[in-house]
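**Q** let's see this in three dimensions:
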Amino acid sequence: MAAIDVSYSVTGEGPALYMVHGIGSRKVTWDALVPELSEHFTCVTYDLRGHGDSPIPPVPYTLDDLVDDLEALRHKLGHEKLHVIGHSLGGMIGPRYALRYPQRTLSVGLLSTAAGRTPDDSARVKGVVAKMRADGIADTLPTLVGRWYTDEFASANPAKIDHRIEQVINTPSEVFLSVFDVYAETEMAPWLHEIDVPCLVLTGENDPGCNPRLNEFIHSELPNSELVILPEVRHSILIECPELVLAPLSTFLRRH
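**A** Numbers count the residues shown, from 1 in each chain. The predicted structure is shown next:
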């Protein structure tokens, strides 16, 4: 499938930093991090294909389709090299980009993502997708919200939870399920060792699907990485605790 022209925003000056969101999310997911990072970097946020204001090509999508869109955007904006950070599915797009375009990649941030899944891990995540196909995405959302946020945060921030649910509901169901398939079926283990640019591996201590065990595996496979585990939080770290993400991320990026 041909690359598409995604909807994007550019903020700041300095080395290019491309910021890739996850399933059913939007470029605004990065809004809490952009003000500080844009003091040192040209922050490029964009909506994945089928999401937000980007075009909706026919499904199914592949991981390499999503990488093609990122490379097309880089080419359009004229950045010779880039740092790329991604959350969840975005944390698979970034390293795949680095594998295909090592000469373009300065560093990679893998936030709340997964590799080295056991057969049980794979069965669980594929089971979530199967349940959504059978029962509908809306019926599965309470389960997803419980995996994404701590109970305390969800109770204290109903508007943020509603906004996230609205993003999912407003993503075409076939797109949501297709990118969830990509996330569920991608296994980075066979090729992570080939990525030799500096990498930051970061996840929440209580993230059910992208837990510390899987991220310790990612860290062990990458030749040049550092690992950060954020205490107590679950999956949606960019919304629940952006300040906890920003400190190690900013330090890492400015060092490389």
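**Q** got a list of what residue 213 touches?
**A** Residues counted as contacts of residue 213 (CB atoms under 8 Å, 6 or more residues apart in numbering) are residue 116. (Each C-beta comes from the backbone N, C-alpha and C, glycine too.)
**Q** just the element for it, please.
**A** Per DSSP states H and E, residue 213 falls inside helix 212-221.
**Q** can I get that helix in PDB, CA atoms only?
**A** The C-alpha trace of helix 212-221 is given here as PDB (Å, rounded to 0.1, in the frame of the first residue of the first chain):
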ATOM      1  CA  PRO A 212       8.400  -4.600  33.000                       C
ATOM      2  CA  ARG A 213       9.200  -8.200  32.100                       C
ATOM      3  CA  LEU A 214       8.600  -7.600  28.400                       C
ATOM      4  CA  ASN A 215      10.500  -4.300  28.600                       C
ATOM      5  CA  GLU A 216      13.500  -5.800  30.400                       C
ATOM      6  CA  PHE A 217      13.600  -8.300  27.400                       C
ATOM      7  CA  ILE A 218      13.500  -5.400  24.900                       C
ATOM      8  CA  HIS A 219      16.300  -3.700  26.900                       C
ATOM      9  CA  SER A 220      18.400  -6.900  26.900                       C
ATOM     10  CA  GLU A 221      18.000  -7.400  23.100                       C
END
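**Q** and the pLDDT at residue 1?
**A** pLDDT, residue 1: 72.
**Q** now do residue 15
**A** With respect to pLDDT, residue 15 has a value of 98.
**Q** what does the one 10 residues further on give?
**A** We have a pLDDT of 98 for residue 25.
**Q** ok, back up a step: and the helix holding residue 213, what's buried?
**A** Residues of helix 212-221 classed as buried by neighbour count (16 or more other CB atoms under 10 Å): 212, 214, 215, 217, 218, 219, 221.
**Q** now stretch 186-204
**A** Buried residues in stretch 186-204, counted by 16+ other CB under 10 Å: 186, 188, 192, 195, 197, 198, 199, 200, 201, 202, 203, 204.
**Q** ok, of those residues, which one's closest to residue 166?
**A** Using CB to CB, residue 204 is the member of the buried residues of stretch 186-204 that lies nearest residue 166, at 22.8 Å.
**Q** check contacts around the residue lying closest to the closest one once chain neighbours are set aside.
**A** Distances taken as CB to CB, 6 or more residues apart in numbering place residue 233 nearest to residue 204, at 3.8 Å, with adjacent residues excluded. The contact partners of residue 233, by CB under 8 Å, 6+ apart, come to 150, 204, 205, 206, 207, 240, 241, 244.
**Q** same list, those, but as TSV with pLDDT, distance to residue 226 and secondary structure please.
**A** Shown next, in TSV, are these (pLDDT from 0 to 100; distance: CB to CB, whole Å; DSSP: H, G, I helix; E, B strand; the rest coil):
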residue	pLDDT	distance to residue 226	secondary structure
150	97	25	coil
204	98	16	strand
205	98	17	coil
206	98	21	coil
207	98	18	coil
240	98	22	helix
241	98	19	coil
244	98	16	helix
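**Q** let me see the ranges of the strands in the stretch 101-250 of the chain.
**A** Assigned by DSSP state E, counting those that start in this stretch, the stretch 101-250 of the chain shows strands spanning 105-111, 199-204, 225-230.
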